[in-house]
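1. here is my input, please return the structure:
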Amino acid sequence: MNKDKRLRFVSGAICPKCKKIDKIALTKDDKKIFCVSCDFEESRSEIKHKD
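-> Okay, the predicted model is just below:
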């Protein structure tokens, strides 16, 4: 597989839309997260952190 095509996955992450585990990946520039199983996508600036 071409190194440019590899995805970085977030271990243990659950997609908020389809609820599948380990399907959330980061874009190459780390600005968005997306699910490889459904059409969920979110910019990292929109992500809310739990305190």
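
2. every contact and neighbour count from this point should use C-alpha atoms.
-> Noted.

3. for this protein, which segments are assigned as strands?
-> With DSSP state E as the criterion, the chain has strands at 8-9, 24-26, 32-35, 41-43.

4. now the ones you listed as a markdown table including mean neighbour count and mean pLDDT?
-> Shown next, in a markdown table, are these (neighbours: other CA atoms under 10 Å; pLDDT from 0 to 100):
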| stretch | mean neighbour count | mean pLDDT |
| --- | --- | --- |
| strand 8-9 | 15 | 93 |
| strand 24-26 | 21 | 95 |
| strand 32-35 | 20 | 95 |
| strand 41-43 | 14 | 94 |
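
5. closest to K17 out of those?
-> With CA to CA as the criterion, K17 lies closest to strand 32-35 of those, at 8.7 Å.

6. pull the distance from that closest one to the chain's centre.
-> For strand 32-35, the separation from the chain centroid amounts to 3 Å (computed by CA atoms, centre = their mean, to the nearest Å).

7. who does it pair up with?
-> strand 24-26 (antiparallel), strand 41-43 (antiparallel) (DSSP bridges).

8. now these in TSV, with distance to F9?
-> Converted to TSV, these look like this (distance: least, CA to CA, whole Å):
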stretch	distance to F9
strand 24-26	4
strand 41-43	14
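
9. CA atoms of stretch 25-37 as PDB?
-> This file holds the C-alpha atoms of stretch 25-37, laid out as PDB (Å, rounded to 0.1, in the frame of the first residue of the first chain):
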ATOM      1  CA  ALA A  25      -9.600   8.000  11.300                       C
ATOM      2  CA  LEU A  26      -7.700  11.200  10.900                       C
ATOM      3  CA  THR A  27      -7.100  13.100   7.700                       C
ATOM      4  CA  LYS A  28      -3.500  13.400   6.600                       C
ATOM      5  CA  ASP A  29      -3.300  17.000   7.900                       C
ATOM      6  CA  ASP A  30      -5.000  16.100  11.200                       C
ATOM      7  CA  LYS A  31      -7.700  18.700  10.700                       C
ATOM      8  CA  LYS A  32     -10.700  16.300  10.400                       C
ATOM      9  CA  ILE A  33     -11.800  13.000  11.800                       C
ATOM     10  CA  PHE A  34     -14.100  10.700   9.800                       C
ATOM     11  CA  CYS A  35     -15.700   7.300   9.900                       C
ATOM     12  CA  VAL A  36     -14.700   4.700   7.300                       C
ATOM     13  CA  SER A  37     -18.000   2.900   7.700                       C
END
